[in-house]
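S.K.: I'd like to go over a predicted model; first the sequence, then the structure.
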Amino acid sequence: MTRTLSPLFRPLSVRSLELPNRIVMSPMTRSYSPGGVPGADVAEYYRRRAAGGTGLIITEGTAIGHPTAVDNPRVPRMHGDDALEGWQRVVDAVHAEGGRIIPQLWHVGPLWGAMTSAVDPALTPMRPSGVWGEAGLTSYSDEYVARAGEPCRAMTEEDIADVIAAYTEAARNAREVGFDGIALHGGHGYLLDSFLWDSTNRRDDHWGGDLERRTRFPAAVVASVRDAVGDDTPIFFRFSQHKQQDYHARIAQTPEELQVILSALAEAGVDVFDASIRRFDATVFDGSDLSLAGWAKKLTGALSMAVGSVGLGASLRESRTSGATPTADNIPELERRLSGEEFDLIAIGRLHLADPALASTLRDGSALPEFDRSVHEGTLI
């Protein structure tokens, strides 16, 4: 049975961005850009998803122009003429198929050295208070956790200003090569998120202390990006409760605390909150069946995007532990929540790797694709 009348296929406008449907390709690190430069294979990878009908593509995390933004040299960057020329080819290929694409701008912050141990020892990781954060349930090796647990100096006012400038320049670069908006990675324990989390932000100054002050740095980044890209450009902001350092970590224990964070970000210029969680329909606060994306929309009035295990019976972490990812038809539940306007967009990751024409597959009511990690994570197809 086709889904042409499904809420998945209702159009949506976000400032100047006109989307034909609510299906988004979630950002996923692929590491196929040697020297940080996306090549023809990367352009073709994104082009295929646009041709398949995906409403919006959010690229893999992309390094801003700061020395410790990203430690993997195969992650693309949003600075330097060679990388920007590569991104121009990506954008042109997606637009030629009628698609829309925005980059996710990224600084790993405390997690510098997690993707490779071959980092320059002269470089200092950007950490609000010089600490990695309290380790809990994590997929990182004991060796890395021990190494990362060594404290360094806290970020200085100059560091903070430099990082804000680097985000701003990356956003300006993205718009100049034709991207349709900007996404900021503010979750998972990375730099923007590390200011929100009290385990990594132990400052007692303008940038830390209570929750309102811990929100000031990511809000300052959003505000600076908004000034650079103007009023027509949509800004997406990924946030999460969990951290790479500890999957049980939380930035907000109550809806009221979450409202403090998200309201400040919305006021600074965020249009869409990308609520990162393992399962799109998971509840987050006692007494309510609202998802994290549902809470983001309810608390701010902004648009929100859900993500997590669409069409799959195991979260990313679970599948990496067990090696198996069973298919699960949770699309009716997704449609129910979209119909109820609990959230506005759905980001889908792994099934987009398994099926570049996923949007068409969903529209036609065809069988969901099977995700095989060994095949679909190991190649750029």
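M.R.: Sure, I can see it. Residues are numbered from 1 along each chain as shown.

S.K.: how about the helices of this protein, start to end?
M.R.: Using DSSP state H, the helices found in the chain span residues 40-51, 81-96, 142-148, 157-176, 191-196, 211-214, 216-229, 255-268, 292-300, 316-322, 331-339, 350-354, 358-364, 373-376.

S.K.: out of the ones you listed, which comes closest to residue 115?
M.R.: Of all the helices of the chain, helix 142-148 sits nearest to residue 115, with 9.9 Å by CB to CB. Where C-beta positions appear, they are placed from N, C-alpha and C, glycine not excepted.

S.K.: before we move on, the earlier item: weakest of the helices of the chain in terms of mean pLDDT?
M.R.: Of all the helices of the chain, helix 316-322 carries the lowest average pLDDT, namely a mean of 61.

S.K.: mind giving me CSV with the helices of the chain and columns for distance to residue 58 and mean neighbour count?
M.R.: CSV is the format used below for these (distance: least, CB to CB, whole Å; neighbours: other CB atoms under 10 Å):
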stretch, distance to residue 58, mean neighbour count
helix 40-51, 10, 19
helix 81-96, 12, 18
helix 142-148, 27, 13
helix 157-176, 12, 19
helix 191-196, 16, 28
helix 211-214, 26, 18
helix 216-229, 15, 21
helix 255-268, 17, 19
helix 292-300, 15, 24
helix 316-322, 16, 14
helix 331-339, 18, 16
helix 350-354, 10, 24
helix 358-364, 14, 21
helix 373-376, 18, 14
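
S.K.: possible to save the ones you listed as CSV with distance to residue 129?
M.R.: What follows is the helices of the chain, written out as CSV (distance: least, CB to CB, whole Å):
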stretch, distance to residue 129
helix 40-51, 36
helix 81-96, 32
helix 142-148, 14
helix 157-176, 12
helix 191-196, 9
helix 211-214, 11
helix 216-229, 12
helix 255-268, 18
helix 292-300, 26
helix 316-322, 27
helix 331-339, 38
helix 350-354, 35
helix 358-364, 41
helix 373-376, 36
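
S.K.: now for those helices, which one comes closest to residue 19?
M.R.: Nearest of the helices of the chain (CB to CB): helix 358-364, 11.3 Å.

S.K.: and that closest one, what does it pack onto?
M.R.: strand 23-25 (3 or more CB pairs under 8 Å, 6 or more residues apart in numbering; DSSP states H and E).

S.K.: what sits up against the strand it packs on?
M.R.: Strand 23-25 is contacted by residues 8, 49, 53-58, 305, 345-349, 352, 358-359, 362 when judged by CB atoms under 8 Å, 6 or more residues apart in numbering.
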